[in-house]
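> what would the 3D arrangement of this be:
(one chain, ligands or ions: 1)
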Amino acid sequence: MTPRVFNFSPGPAVLPLSVLEQAQRDMLGLPGIGISPLEISHRHKWFDGVLATTKSLMRELLGIPANYQIVFMQGGSNLQFSMLPMNFLRGTNLPADYVVTGTWGSKAVAEAQREGTVNVAWDGKKSNYNHLPPAAEVRLSPQAAYTHITTNETIQGVQFPANPDFGAAPLIADMSSDFLCRPLDVSKYALIYACAQKNAGIAGVTIAIIRDDLLERIPAGLPTMLDYRTFSKNDSVFNTPPVFAIYVFQLVLQWLKNDIGGLAKMQSRNVEKCQLLYEVLDGKFYEGHAATDCRSLMNVTFRLPSEELEKAFIKGAEARQLFELKGHRSVGGMRASIYNAMPLEGVRLLRDWMVEFRGQHA
Ligand code: PMP
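Below you'll find the model as predicted:
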């Protein structure tokens, strides 16, 4: 087998090795069943168990209160950008407030505008999304259907604190790229959503945690598959769900609980990892994109003095088994995505290469 390299991709992204090994053991036939998790019916009792375990591990790890539903959907976080305003803005006569701290937030705005009135309460585009809004600049509506934020902007590497304060309107958060990276007070949010292919497994499933009272506000007449109640009422098996992706998510949650020891421990590991890189950015030569007070635990974005040096940096990184470091074109430079499953060893090697490269070129 080709040896594994360190994969700094923003998503799909690195998985815990123990998760891959478990999936490999189960691949040709689940113990006592003899059917692969790729082949098994979503009506099989094995899958009832997967769903129940996945939801109870989520409740335990995140401390999800009883008045929240957990649902598993498809269509990625991009479909959530459309479903949110269809379910919670349509027919309200209220605006929806969007706080835009990066590319993904601005895509969410564009979809909401198709459905109703959007108030962009703050937009960091002028400074190429390198900081969070100072409280005084946020223009919230007196009454909004909801307020939408992106807790971690994957492209810019700008992250909100775990429990930001945005007033009285129901707070809806895209946590696609920082879900499960730290403890969270779920009760501060009305709805949390995340695609799985960063911290929660593989592409194919999108997870949402929805407060009960929100479900009651959904207007009648939505297409069945675009109505959150279809998923909450049918335990996410109204139609065929992405069985394998949910199974992998369950393995990831088991890893978080049993191998890592919960979200507080996960957070300290993540802090340790990102600090190794941010310490290097604080010196000369490299230039971090995000302001120091909102640097992401998950996506470390930085530039080098020239594009030529960036090419040489990537080449040398790959020679050291460090892959997928090129930043998004809108920010340029590098992006090291160091999700939960990125081992400390990979980050240390990247740090060492950054220090060595600087020594050669500064
Ligand atoms: N929001 C954020 C913060 C993301 O990082 C991504 C994916 N990179 C998305 C939304 C879109 O997710 P998907 O590709 O699953 O639609």
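> ok, which stretches of the stretch 1-150 of the chain are strands?
Assigned by DSSP state E, counting those that start in this stretch, the stretch 1-150 of the chain shows strands spanning 6-7, 68-73, 96-100, 118-123, 147-150.
> got TSV for these, with mean neighbour count, mean pLDDT and distance to residue 59 too?
For glycine as for every other residue, the C-beta is placed from the backbone atoms N, C-alpha and C. Shown next, in TSV, are these (neighbours: other CB atoms under 10 Å; pLDDT from 0 to 100; distance: least, CB to CB, whole Å):
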stretch	mean neighbour count	mean pLDDT	distance to residue 59
strand 6-7	20	98	30
strand 68-73	22	98	8
strand 96-100	26	98	28
strand 118-123	20	98	31
strand 147-150	28	98	23
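> could I get those strands as a markdown table with distance to the ligand?
Below are the strands of the stretch 1-150 of the chain laid out as a markdown table (distance: least, CB to the nearest ligand atom, whole Å):
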| stretch | distance to the ligand |
| --- | --- |
| strand 6-7 | 15 |
| strand 68-73 | 11 |
| strand 96-100 | 12 |
| strand 118-123 | 16 |
| strand 147-150 | 5 |
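> now these as TSV including distance to residue 312?
Formatted as TSV, the strands of the stretch 1-150 of the chain follow (distance: least, CB to CB, whole Å):
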stretch	distance to residue 312
strand 6-7	19
strand 68-73	43
strand 96-100	34
strand 118-123	35
strand 147-150	33
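> residue 139 is nearest to which of the ones you listed?
Proximity to residue 139 (CB to CB) singles out strand 118-123 among those, at 5.1 Å.
> and residue 264, that one's in a strand?
No - Residue 264 is assigned helix when assessed by DSSP: H, G, I helix; E, B strand; the rest coil, not a strand.
> right, and it touches residue 183 too?
Yes - taking contacts as CB atoms under 8 Å, residue 264 lies within contact range of residue 183: 5.5 Å.
> what about the two, which has more around it?
Set residue 264 next to residue 183 and count neighbours by other CB atoms under 10 Å: residue 183 wins out with 17 against 10.
> show me the contacts for the more buried one.
By CB atoms under 8 Å, 6 or more residues apart in numbering, the contact set of residue 183 is 62-63, 162, 262-264, 267.
> any idea how far it is from the ligand?
Look at residue 183 and the ligand: by CB to the nearest ligand atom, to the nearest Å, they are 20 Å apart.
> do residue 336 as well
15 Å.
> secondary structure element holding residue 328?
Assigned by DSSP states H and E, residue 328 belongs to no helix or strand.
> meant to ask about residue 268
According to DSSP H and E, residue 268 maps onto helix 263-282.
> could I get the CA-only coordinates of that helix as CSV?
Provided in CSV are the C-alpha atoms of helix 263-282 (Å, rounded to 0.1, in the frame of the first residue of the first chain):
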residue,chain,number,x,y,z
LEU,A,263,-14.7,18.0,23.4
ALA,A,264,-12.8,19.8,26.1
LYS,A,265,-9.8,17.5,25.5
MET,A,266,-10.3,17.9,21.7
GLN,A,267,-10.2,21.7,22.1
SER,A,268,-6.9,21.6,24.0
ARG,A,269,-5.4,19.4,21.4
ASN,A,270,-6.6,21.8,18.7
VAL,A,271,-5.2,24.8,20.5
GLU,A,272,-1.9,23.1,20.9
LYS,A,273,-1.8,22.2,17.2
CYS,A,274,-2.8,25.6,15.8
GLN,A,275,-0.5,27.4,18.2
LEU,A,276,2.5,25.7,16.8
LEU,A,277,1.7,27.3,13.4
TYR,A,278,0.6,30.7,14.7
GLU,A,279,3.8,31.1,16.6
VAL,A,280,5.7,30.9,13.3
LEU,A,281,3.3,33.4,11.7
ASP,A,282,4.0,35.8,14.5
